[in-house]
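Novice: model the structure of this input:
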Amino acid sequence: MNKHGVKKEALLYLIFGGLTTVLNIITYYLFVSVGVDYKIATTVAWFVSVLFAFFTNKSYVFKSSRSIYREIGPFFGARILSYLMDLGMMVLLIDVAQQDDMLAKIVTNVLVVVFNYVASKMVIFNDGHQS
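Specialist: Take a look at the predicted model:
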């Protein structure tokens, strides 16, 4: 992939990653606002956003032509690691550091987006044509 292609891919990842993050935060907010525990809300928000991220990354960011069945397993596997990172940081920031849960959610999401980009680019949607 040439330099222009890498920039376009990174821009698309930022756009769809941003939309995924917004979806994650809105889903989280909707659940906690009706009294659902923040750990359960984090789990539901994770699942909804991972589904959205998989299809947008596959179709628009990395334009992968490989089978969904071949990619969805590694994608969810990597996202389980980011889920554990997300939930662990939420517990640390809310229960230990006594931070506001929405602030914790935003801070955590920034780190998760970076991790997910690296995992997607280097492992999941890497068809061997990366430069």
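
Novice: quick one: the helices in this protein, in order.
Specialist: 3-33, 38-56, 68-91, 101-119 (DSSP state H).

Novice: of all those helices, which lies closest to F62?
Specialist: The closest of the helices of the chain to F62 is helix 3-33. By CB to CB, the value is 7.0 Å. For every residue, glycine as well, the C-beta is placed using N, CA and C.

Novice: what angle separates that closest one from helix 68-91?
Specialist: 60 degrees (axes from the mean of the first three to the mean of the last three CA atoms, to 10 degrees).

Novice: return the residues in contact with the residue lying closest to R79 once chain neighbours are set aside.
Specialist: Spatially, and ignoring its direct neighbours in sequence, R79 is nearest to V50 (4.6 Å; CB to CB, 6 or more residues apart in numbering). Counting by CB atoms under 8 Å, 6 or more residues apart in numbering, V50 touches F75, F76, R79, Y83.

Novice: show me the shaky parts of the protein.
Specialist: 1, 125-131 (pLDDT under 70).

Novice: one more time with 50, if that's ok
Specialist: For the chain, the stretches with pLDDT under 50 are 130-131.

Novice: please report the distance of the nearest residue to T56 once chain neighbours are set aside from L87.
Specialist: Using CB to CB, 6+ apart and skipping the chain neighbours, the partner closest in space to T56 is F16 (4.2 Å). Look at F16 and L87: by CB to CB, to the nearest Å, they are 23 Å apart.

Novice: same deal with V107?
Specialist: Note on V107: its distance to L87, by CB to CB, is 14 Å.

Novice: same thing with E9?
Specialist: In terms of CB to CB, E9 sits 29 Å off from L87.

Novice: ok, those two, which is more surrounded?
Specialist: E9 (19 against 16; other CB atoms under 10 Å).

Novice: now for the closest residue to A41 other than its chain neighbours: which residues touch it?
Specialist: Sequence neighbours aside, F31 is the residue nearest to A41 in space, at 3.6 Å (criterion: CB to CB, 6+ apart). Listed by CB under 8 Å, 6+ apart, the contact partners of F31 are I40, A41, V44, A45.
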